[in-house]
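Colleague: Here is a sequence together with a model predicted from it:
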Protein chains: 2
Amino acid sequence: MSVTAASGFRAAGVAAGVKASGGLDVALVVNDGPLDAAAAVFTSNRAKANPVLWSQQAIAGGTARAVILNAGGANCFTGAFGFQTTHQTAERVAERLGTATQPIGAIDVQVCSTGLIGVGDEAFRAAVLRGVDLTADALAADDAAGLAAAQAIMTTDSKPKQAVVTTDGFTVGGMAKGAGMLAPGLATMLVVLTTDAQADADVLDRALRAATSTTFDRLDSDGCMSTNDTVLLLASGASGSRPDEAALTAAVTAVCDDLAAQLHGDAEGATHDIAIEVRSAASEEEAVVVARSVARSNLFKAAIFGNDPNWGRVLAAIGTTDASFDPYAVDVHFNGVRVCHAGEPDRPREEVDLSPRATHILIELFAGDATATVRTNDLTHDYVHENSAYAS
Amino acid sequence: MSVTAASGFRAAGVAAGVKASGGLDVALVVNDGPLDAAAAVFTSNRAKANPVLWSQQAIAGGTARAVILNAGGANCFTGAFGFQTTHQTAERVAERLGTATQPIGAIDVQVCSTGLIGVGDEAFRAAVLRGVDLTADALAADDAAGLAAAQAIMTTDSKPKQAVVTTDGFTVGGMAKGAGMLAPGLATMLVVLTTDAQADADVLDRALRAATSTTFDRLDSDGCMSTNDTVLLLASGASGSRPDEAALTAAVTAVCDDLAAQLHGDAEGATHDIAIEVRSAASEEEAVVVARSVARSNLFKAAIFGNDPNWGRVLAAIGTTDASFDPYAVDVHFNGVRVCHAGEPDRPREEVDLSPRATHILIELFAGDATATVRTNDLTHDYVHENSAYAS
């Protein structure tokens, strides 16, 4: 059901003492081949954690044999010592996994960390290295191993997140944690996708970028970008099937969409999962810009928490964009009720039922044929509480 | 102490029934000359309320004789009927103030509204027009009249906001309400400044733009831009003093800075008034961009509410900007304690005292000589409560 669903992969999740709680905190995913093609997308934040700085370089050649991940510390802004920790972690994985006939180098190992920024001292290093040994001993290809890996990367997640799609002779599976910078000091969305399809690195790269651009990139829980975000796609080729690029992209997108929906539904403190759909925009890019402006309005998000169909806040948000539309000609629907028509009040607010968790905002721009949906959550007392109290 | 501090001005504030509460809700400020020079800045939101659409055109000639303001309804997204209401309001003011020897046209009257978007029906129109008559009868040049005007434009403000500077033979006074889009559905910052200095409209315009760019434009309580924001500056010339442009700009800036600080301190639900100072930036513009990125981070703002000196969230926010600096070479101070040095942890968090309301974040970029400060507030339970409950 997860990173072990596709053939050619083993995984493990262990408790190595990185988390103070004693829970599972180190995961390892290994690609046993025959292929070792890989692709990745990383946070666009200029403040990048040490594992991101390492992994970006290590994957430049389009290959990876393993991914080692830890929760309990982001290893970000931890200086040269922190970077050495990442490097040592990759080296230890390579030592443990390599064989005489099939040696592995540190460069073949991707590293991901999540947790509080600034955490990455000697105790952290020792725990993560212990985690390498424990996971290397525990590797297995079954569902339980995939689940343990998915559990080991959780921070404030309330449950592990896994998805799988099997189609046309190949499988794509994946695991995820977090949501944007939903889990604050903790930060970070980490995603590992595995497939047994045969594909070259450049095809994987295009498929992954296409998939993330319409899924994770449109999940905007609180507008905050993490220093550690990483999405990896590894291909073993073990199925023997070589799908065309469109089929592979569709399967990867389906898994990403499933995982994005799970992240959306597990956003810290949220009481509403809001889909902001923009229709009849001049371009898909403008549709995303308009939807995102609403997703980032604290006033709108607080209104949804209060079950208030406050369309004025929607119009005030979209008015800050440069997208093509006439602000006095738009329609706004809340859960199917058109509360604003042509820039004036329409149906009475009492007709809108915002009590369900799933919330649908539809904005018609009447400026073209493009559409896009951005997912966000409401701004709640629990969001404030969890994000003010975590590190204290 | 307010708009009546400068000679040549009268004001009034009355209860006309626009607010359901029965409180003061319509204010009038009249410039009795001899000059009628005026300047204004308006919201850059493309979704502009009817009073903004009117006032932008009316002030194009650089003159204004009066400003009529109401709380209790924003008259935004209220269609042609709403625009007619604004026009009728200006006409009624002109009728009431004009004389045979000194006639006044609607074009000489600026109109400002604040309150819920979508509110602007026939009852609203009738109440505002009643307010014109009541204020025209109550005009006076004393402090009490200025205070009444300042009170009549309050929405969720806890107190009226007034400021005055007298220097070199002339006076600048002013009143303000709100803070950015702090008062949500209510929206809006409205500011009226009056001076008895002699100045031409182009000088007033430059002085006002210079003043607002370093004061109100750097007050960013929640990142939300109103549909009704208006800042007006009227000059009567009654002092007989014609200051040079630098002296006038300094006085206008001082009054704006005082009012901005009052708006900052009265932000809804806030428990901390946060000044984010960026030093050693490559340019003042970049210093503002960097400071604003922190001011708009919900994670940072929630951490301050929790008295948590979470410098990781500061670095994660500034990493999203394009400003010139090395993310791994910056220093971050919380209330005088350097918690991050050269991109690594420095002084222990326990040394930081975030219990005072006044909070100072200092970010050293080491990229140049420019500096700027942006004011914001923390993200609190009360913010969520007030912005989720108001319109319901």
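Modeller: Alright, I've got the coordinates. Residues are numbered from 1 along each chain as shown, chains lettered A, B, ... in the order given.
Colleague: Quick one: residues contacting A:Asn387.
Modeller: Listed by C-beta atoms under 8 Å, 6 or more residues apart in numbering or on different chains, the contact set of A:Asn387 reads A:184, A:268-269, B:298-299, B:302-303, B:306, B:379. C-beta: built from backbone N, CA, C; applies to glycine.
Colleague: List the contacts of A:Ala138.
Modeller: Per C-beta under 8 Å, 6+ apart, neighbours of A:Ala138: A:12-14, A:145, A:148.
Colleague: Restricted to helices, list the contacts of A:Asn387.
Modeller: B:298-299, B:302-303 (DSSP state H).
Colleague: Just the closest of those residues to B:Asp326, please.
Modeller: B:Leu299 (22.4 Å; C-beta to C-beta).
Colleague: tally of neighbours for the closest one?
Modeller: Using other C-beta atoms under 10 Å in any protein chain shown, the number of residues around B:Leu299 comes to 27.
Colleague: Kindly confirm whether my reading is correct that it touches B:Trp311.
Modeller: No - counting by C-beta atoms under 8 Å, B:Leu299 stays clear of B:Trp311, with 11.9 Å between them.
Colleague: Which one (most neighbours) among the contacts of A:Asn387?
Modeller: Neighbour max across the contacts of A:Asn387 (other C-beta under 10 Å) = A:Pro184, 33 neighbours.
Colleague: A:Val255 and A:Leu193: what is the separation?
Modeller: Distance of A:Val255 to A:Leu193, given as C-beta to C-beta, to the nearest Å: 6 Å.
Colleague: Any idea how many residues pack against the residue nearest to A:Gly319 when sequence neighbours are not counted?
Modeller: Using C-beta to C-beta, 6 or more residues apart in numbering or on different chains and skipping the chain neighbours, the partner closest in space to A:Gly319 is B:Ala47 (2.9 Å). B:Ala47 has 25 neighbouring residues, counting by other C-beta under 10 Å.
Colleague: Now do the helices in the stretch 151-300 of chain A.
Modeller: A:201-213, A:245-265, A:284-295, A:298-305 (DSSP state H, counting those that start in this stretch).
Colleague: Give me whichever of the ones you listed is most buried.
Modeller: helix A:298-305 (a mean of 27; mean count of other C-beta atoms under 10 Å in any protein chain shown).
Colleague: Is whichever helix or strand comes after it positioned near chain B?
Modeller: Next along the chain after helix A:298-305, taking DSSP states H and E as the criterion, comes helix A:311-318. Yes - Helix A:311-318 comes into contact with chain B (C-beta under 8 Å from any C-beta of the partner chain), by way of A:311-313, A:315-318.
Colleague: gap between the residue lying closest to A:His341 once chain neighbours are set aside and chain B?
Modeller: Excluding the flanking residues, the one nearest A:His341 by C-beta to C-beta, 6+ apart is A:Asp331, at 5.3 Å. Using C-beta to the nearest C-beta, to the nearest Å, we find A:Asp331 at a distance of 12 Å from chain B.
Colleague: sec struct for the nearest residue to A:Gly312 once chain neighbours are set aside, please.
Modeller: Excluding the flanking residues, the one nearest A:Gly312 by C-beta to C-beta, 6+ apart is B:Ile117, at 2.7 Å. Using DSSP: H, G, I helix; E, B strand; the rest coil, the three-state assignment for B:Ile117 comes out as coil.
Colleague: wait, isn't B:Ile117 in contact with B:Phe77?
Modeller: Yes - the pair B:Ile117 / B:Phe77 is scored as a contact, 5.6 Å apart, by C-beta under 8 Å.
Colleague: Have a look at those two and say which one is more surrounded.
Modeller: Legend: neighbour count by other C-beta under 10 Å for B:Ile117 and B:Phe77, higher for B:Ile117 (31 against 28).
Colleague: Let me see the contact set for the more buried one.
Modeller: Per C-beta under 8 Å, 6+ apart, neighbours of B:Ile117: A:311-313, A:315-316, B:49, B:74, B:76-77, B:185, B:187, B:227.
Colleague: would a markdown table of those residues with pLDDT and distance to B:Ala136 be doable?
Modeller: As requested, the contacts of B:Ile117 are arranged in a markdown table below (pLDDT from 0 to 100; distance: C-beta to C-beta, whole Å):
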| residue | pLDDT | distance to B:Ala136 |
| --- | --- | --- |
| A:Trp311 | 93 | 35 |
| A:Gly312 | 89 | 31 |
| A:Arg313 | 89 | 35 |
| A:Leu315 | 92 | 33 |
| A:Ala316 | 87 | 32 |
| B:Ala49 | 92 | 23 |
| B:Ala74 | 91 | 23 |
| B:Cys76 | 91 | 25 |
| B:Phe77 | 90 | 29 |
| B:Gly185 | 32 | 30 |
| B:Ala187 | 43 | 27 |
| B:Thr227 | 85 | 27 |
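Colleague: quick one on the thing from earlier: what touches both of B:Ile117 and B:Phe77?
Modeller: With C-beta under 8 Å, 6+ apart, B:Ile117 and B:Phe77 have common neighbours A:312, A:315, B:49, B:227.
Colleague: Distance from stretch A:267-276 to the middle of the chain?
Modeller: 16 Å (C-alpha atoms, centre = their mean, to the nearest Å).
Colleague: picking that back up, from the contacts of B:Ile117, pick the one nearest A:Val352.
Modeller: Using C-beta to C-beta, these come closest to A:Val352 at A:Trp311, 9.5 Å.
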